[in-house]
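Asks: Next comes the sequence, and after it the predicted model I'd like to discuss.
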Amino acid sequence: MEVLERLLNISLVVATIRTTAPILLVALGGSFTTKAGIFNIGLEGQMLVGAFFAVIGTIATGSPWLGVLCGVAAALTLALIFALLVVSFKANEVVVGLALNILAGGLTVSLMKAIFGTRGSIFGHGLVGLPALRLPNVKDFGWFGQIISGYTPLVYAAFLLVPVLILFYNRTRLGLYIRVVGEKPEAAEALGISITRIRYVSSLLCGLLAGLAGAHLALGYTTMFTENMSSGRGFMAVAILIFSNGDPLKILLGCLLFGFSDALSLRLQTLGISSYLVLAVPYLVALIALFALSYRSRPRVIQETLASMGRALSVKSNTIQPAAATDASKP
Amino acid sequence: MPLAIELKSITKRFGAFVANEDVNLAVESGKIHAIIGENGAGKTTLMNVLFGLLQPDEGEIWIDGEKKNLPNPAAAIAAGIGMVHQHFKLVPSLTVAENVFLGMEIRKGGLIDHAAQIRRTAELSRQFGLQVDPTERVGLLSVGIEQRIEILKVLARGARIIILDEPTAVLTPQESRELFQTLRGFVAQGMTVIFISHHLEEVMEVSDNVSVLRLGKNVATRPTAELTKSDLVQLMVGRLVSFDRLPRVASVGKTVLEVEDLWARDDRRLPALRGVSFGVRAGEIVGIAGVAGNGQTELAEVLSGLRPSSHGSIQLNGRTITGASAREIRAAGVGHVPGDRLVRGVDRNASISMNLLMGRQDQSPWSKHGIINRAYLLEQTQALIKRFDIRARGPESTAKSLSGGNIQKIVLAREFTGDADCLLIDQPTRGVDIGAQESIHGEIMRQRDAGKAILLISVQLDELIRLADRILVMFGGTIMGEIPGDRVDEEEIGMLMAGVVPEAHSNTVGAA
């Protein structure tokens, strides 16, 4: 009981929100490409260059906000290359995505070496993170105030984007066209909607959010850059996207699950469990949950089958007879 | 009578091929105008020119008495022309209203105004008698309703002249009749309808005027009332063709193919066949009628060993062949003319001779000691090309260089010259022009007279009436009833095709 109390408390909720934000941002970015019918496995790389250039930009200008801008610009460049190869030159999405991920990994390491002469991490050098926002009058809300206040701005942005995206897909023309292009490109074409343009726009919107996710990782979540610091979040986002079909609400749920187990695993470390094992927990939990989710959709097919079998059985006895009767009547 | 459309000397070439040559077409305002012709006669090209999808090389387009230049579909739409394509372009996850207004959304403050779109769709639906529920998701609706939505899309864009490309190809007879009523309603409101069709009965039934295209030229435009069906065929084909039931003598032998309580699933693992039982005897043609997608394809696949059955038995000459592979079934004496000839009938990149060899490449005299007997193959190929009237440059032409009808003749030539006792023939004349249809039908009759047991699956009722000794109607994976081929009541077949069992048979079914 005591162990549980040490694990589950308000600070765990706060930690969950903190750990959810980066993967939520990148997954929401991926929602644009998923909805537009592009399988974008390059989220990881876009996030990584976003983080790296956010750090570089901040060190160079002294302003973390300009750093965020640099990070986003870098991720957008990668997204543009992705769109160019996949949409215009019709290259295989998975191959291009993987290649750009490898490029991002190698690029950040070599640039780090070239600029700072080190490997591993960048911190110091006048690097400042994004300021945490203290909401006014939160004290009046008690524990709820504790939960909603004190994050860096991109955390708020990530969670606010969920309703914004729901509105975007349901009520704006661009959102509708993105869905149509993904679901039925022939319909889009017949109505004079440019599939190429919509897919470019989706890729770039994706790059924008992936860049923000990276910048948040380097300037909000921590204040440093580490080699491969996206550590599979982009891939986790891809998994969540596959199971959520790009729906913002389902993405939120998937990301919260991942964030929660991430936060929980940090707690478990304090209990003296092997850190290697513990670090695997969020990925395991997310994978098991996603598997369970897809497994639950299977009985639906079985149910439908049973239902239609049932209908057929009740009909069969009546309908076969006329044919069978005429068959039998002829020698 | 004022003219809604006047095409003057339209010529459209694709390279050396002339799709439309000096075509003149006058469509009277407020009339239903049918355009008929064989495949490749240039109907679709002409309509694409009229809808701005193609630019004519020569000629003028006049709409409502004004000369128009139509560089793209948007210009055609602005001129009041709407086109309902043969293949629907609807988005399944969107509602009816969203589909109708896709591309011209009603917006308020930058956001899509769903309520207004639903209201407007309901208004259009009422005004033109096209019943739909604007809030329903399109993915859940039937083909007939999808077509209504496509028509509503065109109406919402303000079309006064509506072109329909083979609108009845996907409909049941009842749905077709409803469509015709709708079209009648349109012309009563002063609109003009142009519809492209293969089905002569429909043309006779619904059109005021008819234009016949042959080999890219406009052969005739006449009031429909002045023409008979056989006049139309003669104009289309350029010679006399009979469409009556082919003469035959009853010569029924023993049962060759016996299917009992057969069940199978489709690709989505849902039941596609639900307890199908029937028999086919030597020297008879059993037709399978039904709207496409009611289990006919799966039936042919199961019988030919391409799809596993989940229950039931299939017997050939008293031997059980349930669960046998396609090769074993062929060896047991079943020939199969598949519904999609380009996927399963031929290898499009292989020569005619190779396509004729397929399946018997390991049999003497086609090959000896594992080596193909080229001399024999060439001799046989030439003989079959002659016998089946395959129009090709030579035995080594690739299948894909041939027209649909000639590709189909390759498949028939191969399947009909094996030693099969039973022939599964799926859609033998789909996309085949009338001339070739006639010779294919003749060949099928010869196989019947030679004592083969033939199962003929077709979505074309007139084909079944012409050939079949008895017709089984499929709906929802079951056989709804049987009708003798010489006493066909189209009304009854139509009801069965729609899943309704006429009173005489049963009074409880229909909800399936």
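Replies: It's in.
Asks: contacts, neighbours, all on C-alpha from now
Replies: Noted.
Asks: For residue B:253, which non-adjacent residue is spatially closest?
Replies: Distances taken as CA to CA, 6 or more residues apart in numbering or on different chains put residue B:282 closest to residue B:253, at 4.7 Å, once the chain neighbours are dropped.
Asks: so that neighbour touches residue B:252, yeah?
Replies: Yes. Counting by CA atoms under 8 Å, residue B:282 touches residue B:252, with 5.9 Å between them.
Asks: Of these two, give the one with the bigger neighbour count.
Replies: Legend: neighbour count by other CA atoms under 10 Å in any protein chain shown for residue B:282 and residue B:252, higher for residue B:282 (22 against 19).
Asks: list the contacts for whichever residue of the stretch 1-150 of chain A sits closest to chain B?
Replies: Taking CA to the nearest CA as the measure, the stretch 1-150 of chain A has residue A:35 as its residue closest to chain B, at 12.1 Å. By CA atoms under 8 Å, 6 or more residues apart in numbering or on different chains, the residues touching residue A:35 are A:178-179, A:182-183, A:245-246.
Asks: Nearest to chain B among those?
Replies: Nearest member of the contacts of residue A:35 to chain B, counting by CA to the nearest CA, is residue A:183, at 6.9 Å.
Asks: Settle this for me: the closest one is touching residue A:37, isn't it.
Replies: Yes. When contacts are counted by CA under 8 Å, residue A:183 is listed as touching residue A:37 (6.8 Å).
Asks: From residue B:209, how far out is the residue of the stretch 251-400 of chain B found nearest chain A?
Replies: Nearest residue of the stretch 251-400 of chain B to chain A (CA to the nearest CA) works out as residue B:270 at 5.5 Å. The gap separating residue B:270 from residue B:209 is 45 Å, by CA to CA, to the nearest Å.
Asks: and the two? which has more neighbours close in?
Replies: Shown here are residue B:270 and residue B:209; by other CA under 10 Å, residue B:209 has more neighbours (23 against 16).
Asks: got a list of what the nearest residue to that one once chain neighbours are set aside touches?
Replies: Distances taken as CA to CA, 6+ apart place residue B:223 nearest to residue B:209, at 4.2 Å, with adjacent residues excluded. Applying CA under 8 Å, 6+ apart, we find residue B:223 in contact with B:208-210.
Asks: Please report how far residue B:223 lies from residue B:216.
Replies: Using CA to CA, which is the criterion applied here, residue B:223 is 21 Å from residue B:216.
Asks: what's the answer for residue B:397, then?
Replies: Residue B:397 sits at a distance of 25 Å from residue B:216 (criterion: CA to CA).
Asks: more neighbours, these two?
Replies: residue B:216 (25 against 15).
Asks: now the more buried one: how far from residue B:233?
Replies: The value you get for residue B:216 to residue B:233, if CA to CA is used, is 16 Å.
Asks: got it, and residue B:80?
Replies: Taken as CA to CA, the span from residue B:80 to residue B:233 is 32 Å.
Asks: Residue A:208 too?
Replies: 62 Å.
Asks: who has more neighbours, the two?
Replies: Ranked by neighbour count (other CA under 10 Å), residue A:208 and residue B:233 place residue A:208 first, with 27 against 21.
Asks: quick one: contacts for the nearest residue to residue A:68 once chain neighbours are set aside?
Replies: Distances taken as CA to CA, 6+ apart place residue A:54 nearest to residue A:68, at 5.0 Å, with adjacent residues excluded. When contacts are counted by CA under 8 Å, 6+ apart, residue A:54 touches A:64, A:66-72, A:214-215, A:218-219.
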